Structures are given as structure tokens and as C-alpha cells.
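A.B. asks: Structure of the sequence below:
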Amino acid sequence: MLQAVLNGSRPEDAHPALPVLARHLARDARAVARLGVQSVHVHPRDPLGHETIEPVHVGDAVALIRQEAPGVEIGVTTGRWIQPDPAKRIEAVFGWGRLGAGKPDVCSVNVHEKGWVDVCKAAAQVGIGVELGVWTSGDAVTLRQSGVPPRTVRVLAESTVVSDPETAVAEAIRIVRALGQLPVPVLLHGEEDGAWPVLEYALRMGVDTRIGFEDVLVRPDGWLATGNDDLVRSALAIRV
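C.D. replies: Below you'll find the model as predicted:
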């Protein structure tokens, strides 16, 4: 599977085509869906462009994406940097469960963040799948000791602590080895200078991966991408 990660935490001025508003996220989701992408991950924003997990804004973004890209899995973040209080993150997730067409299919939960187990439980209670974010081999050990929570759809092995290409691939290998055998698929990715090397490694290993403006702004040839669809086309063109 190739997942498209449309915006992440990047500021509005990071790229002229960065989707921030809900309608722009929906536009990009439609564009990558036409290329065969079946899963998108987004960071909804409030009217000021700030990342948010508030149900009203998450629901608007997800509903518009669902309208423009029916059948595509839609994931959102629960990042601590958006809401540091675990109790409020849990409250938001419960709110997502009442959003109808605006209810996310999955949410990403980082294993190193305080309260991650309870956030996963809240998601499971409202019928939202979980992508577990594992940033380091230490996180992988934590996950193995805790066990994979119910309704986990995949584990994100995120080689994002370093961006040097060779170091990023080496870190990706360490994380995957530390994870061991899991009952769910692993999605492996890097970011910035490490994004394309880690993606190519994932393709060689036959595991899921992702691409999009959250992870990188340039194509493999170093030229600035024109949009998320440009990045997806570049990823689909890679032969390993």
C-alpha cells in the first residue's frame, strides 16, 4: 500500500500548493485517489491555519474528503504537540465518534506520548482504527512489551529522528528489527532527505510506505514537487 500524507505540521508558507483548508485537502485527496491511492493521512486545521483535533474541524475536513474521494481510508493525527493533555485528546476522539460522515476511519497514535494506550482505547470504543507511530527502536520495545491494542490497523515505523539518507535507512532497519513479528502490517517511511531512500527501501522489502507533503517537498530528482499528486506519481514510477 502507498499512503498519501497530504500536509502534516508544515506551515502554510512551506509550499505554494500545501493543502491547509478542508477543501484543499479534499482536492488533493481526490487527485491522489485517481492515481490509485487508497489511504490518506491529514492534519486538519482551524480557521487560522493551526493544527487541531477539535471535532468540528476534523469533521469538516473528513466529510469533504469522503465526498471527493469515496472509498478512500481517511486518517488523522492525535499528536501531543497539538493537544498536550491526554484527557483532552481522549475527549476529542470520543467526539469524533459522533461525526457521522465526518468520522475518521483511523487515527495515528504515537507510542512515545503519554496516555497513548488510553487514546487507543477511546478510538476502539468509537469504532476508529489506530495507526501506531513508532519513532525509535526504544518505542518498538515499548510496543512489544505493551502489546498491540485492539483495532490497530498498522504500525508506522517512522525513521524521522534523522534525515540523512544513509542514516535514515539504517534507523528504519533498526526499528523494523526491534518490532519483530507483528499481527498487523508495518508501514515504513522517512522524511525530508531520508524520505525517498526509506521509501525505496520499503519497496524493496515489499512493505507498505507513504509519501506526500508531510514527509517531503521535493521529488527524487531534487526538483520541488508541484503537488501531492506529483509526489505520488514519482513514488509509483520507482522500480526496485
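
A.B. asks: Tell me, please, where in this protein the pLDDT is lower than the cut-off.
C.D. replies: Residue ranges of the chain with pLDDT under 70: none are present.

A.B. asks: Skipping its backbone neighbours, what lies nearest residue 62 in space?
C.D. replies: Excluding its sequence neighbours, the residue lying closest to residue 62 (CB to CB, 6 or more residues apart in numbering) is residue 102, at 4.6 Å. (Glycine included, C-beta is placed from N, CA and C.)

A.B. asks: Against residue 152, how distant is the one you found?
C.D. replies: 22 Å (CB to CB, to the nearest Å).

A.B. asks: before we move on, what about residue 238?
C.D. replies: 28 Å.

A.B. asks: Which one of the two is surrounded by more residues?
C.D. replies: Neighbour tally, residue 238 and residue 152, criterion other CB atoms under 10 Å: the higher count belongs to residue 152, 22 against 13.

A.B. asks: Run through the residues that contact the more buried one.
C.D. replies: Residues in contact with residue 152 (CB atoms under 8 Å, 6 or more residues apart in numbering) are 120, 129-132, 184.

A.B. asks: Wait, residue 73 touches residue 39, no?
C.D. replies: Yes: at 4.1 Å, residue 73 counts as touching residue 39 under the criterion of CB atoms under 8 Å.

A.B. asks: So which of these two has more stuff around it?
C.D. replies: Comparing residue 73 with residue 39 by other CB under 10 Å, the one with more neighbours is residue 39, at 23 against 18.

A.B. asks: Tally up the residues packed near the closest residue to residue 95 other than its chain neighbours, please.
C.D. replies: In this structure, residue 95 finds its nearest non-sequential neighbour in residue 55, 3.6 Å apart by CB to CB, 6+ apart. For residue 55, the number of neighbouring residues by other CB under 10 Å comes to 21.

A.B. asks: For residue 55, grab phi and psi.
C.D. replies: Residue 55 has phi and psi values of phi -50, psi -40 when expressed as degrees, to the nearest 10.

A.B. asks: does it really touch residue 92, like I thought?
C.D. replies: Yes: contact criterion CB under 8 Å: residue 55 and residue 92 qualify, at 6.2 Å.

A.B. asks: what distance separates the start and the end of stretch 211-219?
C.D. replies: Chord length of stretch 211-219, first to last residue, is 10 Å (CA to CA, to the nearest Å).

A.B. asks: ok, and what's touching it?
C.D. replies: 2-10, 14-15, 17-19, 32, 41, 43, 189-192, 195-196, 199, 224-225, 228, 230-232, 234-235.

A.B. asks: Can you tell me the centre-most residue of the protein?
C.D. replies: Centroid-nearest residue in the chain, with CA atoms, centre = their mean: residue 41, separated by 4.5 Å.

A.B. asks: for that one, which residues make a bridge with it?
C.D. replies: For residue 41, the beta-bridge partners are residue 5, residue 75 (DSSP bridges).

A.B. asks: Check whether it really touches residue 79, as I assumed.
C.D. replies: No: counting by CB under 8 Å, residue 41 does not reach residue 79; the two are 11.5 Å apart.

A.B. asks: residues shared between the contacts of the two?
C.D. replies: By CB under 8 Å, 6+ apart, the residues touching both residue 41 and residue 79 are residue 108.

A.B. asks: For this structure, just list every one of the strands.
C.D. replies: Here the chain has its strands, by DSSP state E, at 2-5, 39-42, 73-77, 106-110, 129-134, 152-159, 186-190, 209-211.

A.B. asks: now the ones you listed as a markdown table including distance to residue 87?
C.D. replies: Shown next, in a markdown table, are the strands of the chain (distance: least, CB to CB, whole Å):
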| stretch | distance to residue 87 |
| --- | --- |
| strand 2-5 | 27 |
| strand 39-42 | 24 |
| strand 73-77 | 17 |
| strand 106-110 | 15 |
| strand 129-134 | 18 |
| strand 152-159 | 22 |
| strand 186-190 | 28 |
| strand 209-211 | 30 |
